[in-house]
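S.K.: curious how this folds, go ahead:
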Amino acid sequence: YVKKSEILVTLKEAEEIERKRREEAEEAERKRREEENRKMIATQSNITVDQAKQLETWCHLKCGYIIFDSTKHCWSKENNEFRKKILNKSKVCIVIENEDGEIFGCYINSTIDKVCQSPDWKKIKDEHAFVFNLESKGRHPTPMKFDIKKEKCDRAFKLHLDDYDHLFYCGNDIVILKEN
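M.R.: The predicted structure is shown next:
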């Protein structure tokens with residue numbers, strides 16, 4: 001009877017060891033997939049793997065996929081795919097590279113469910129929005145994050161209609177005009 005009890009303990013320990021091994025293997029596979037995804041994002045976009053990791057840290061999220069690419073999609077008054085791709089999305093990170101090679105952008109946590117139009121100029125409220133700088137060509141030695149001020153969170157993001165010259169605003173910090 002005692003031997004049977006010892007065998008059961010040994011089996012239980014073996015099951016626990018096997019469970020831990022599976023968990024470790026699953027965690028390693030998850031990390032491998034995350035790293036592959038970061039590399040894919042970096043390959044398809046204008047950011048490095050380290051910059052993707054920095055955005056993940058700031059957003060407390062993992063990089064997903066690119067929903068809009070200005071080199072592939074239209075963003076003019078005549079054909080604004082940007083609005084169609086971003087509308088009704090949440091937890092969106094917009095990364096911009098300017099002609100000088102500076103890389104910056106904004107993160108919008110709230111659902112982008114309004115299009116700005118006069119006279120009400122609907123804006124997206126977001127207490128968790130922020131703007132960031134990943135590459136400033138020497139002005140800042142490291143990437144920087146700037147949280148939205150509480151008194152300005154009611155106008156964190158504005159998405160404009162097709163016939164308007166502006167594509168979007170991130171607070172009062174980033175204003176992007178439509179192509180052309």
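S.K.: near residue 15, how many other residues are there?
M.R.: 10 (other Cβ atoms under 10 Å). All C-beta spots, glycine's among them, are computed from the backbone N, C-alpha and C.
S.K.: look at it and give its secondary structure.
M.R.: helix (DSSP: H, G, I helix; E, B strand; the rest coil).
S.K.: distance check, it against residue 136.
M.R.: Remark: distance between residue 15 and residue 136 (Cβ to Cβ, to the nearest Å) = 54 Å.
S.K.: likewise for residue 124?
M.R.: Counting by Cβ to Cβ, the gap from residue 124 to residue 136 is 26 Å.
S.K.: check residue 173 too.
M.R.: Applying Cβ to Cβ to residue 173 and residue 136 gives a distance of 14 Å.
S.K.: these two: which is more packed in?
M.R.: Each of residue 173 and residue 136 has its neighbours counted (other Cβ under 10 Å); residue 136 has more, 16 against 13.
S.K.: got a pLDDT number for the residue at minimal distance from the centre of the chain?
M.R.: Centroid-nearest residue in the chain: residue 93, 3.4 Å away (criterion: Cα atoms, centre = their mean). Residue 93 carries a pLDDT value of 92.
S.K.: quick check, it in contact with residue 103.
M.R.: No: the criterion here is Cβ atoms under 8 Å, and residue 93 misses it with residue 103 at 12.0 Å.
S.K.: pretty sure residue 41 sits against residue 66.
M.R.: Yes: the pair residue 41 / residue 66 is scored as a contact, 6.8 Å apart, by Cβ under 8 Å.
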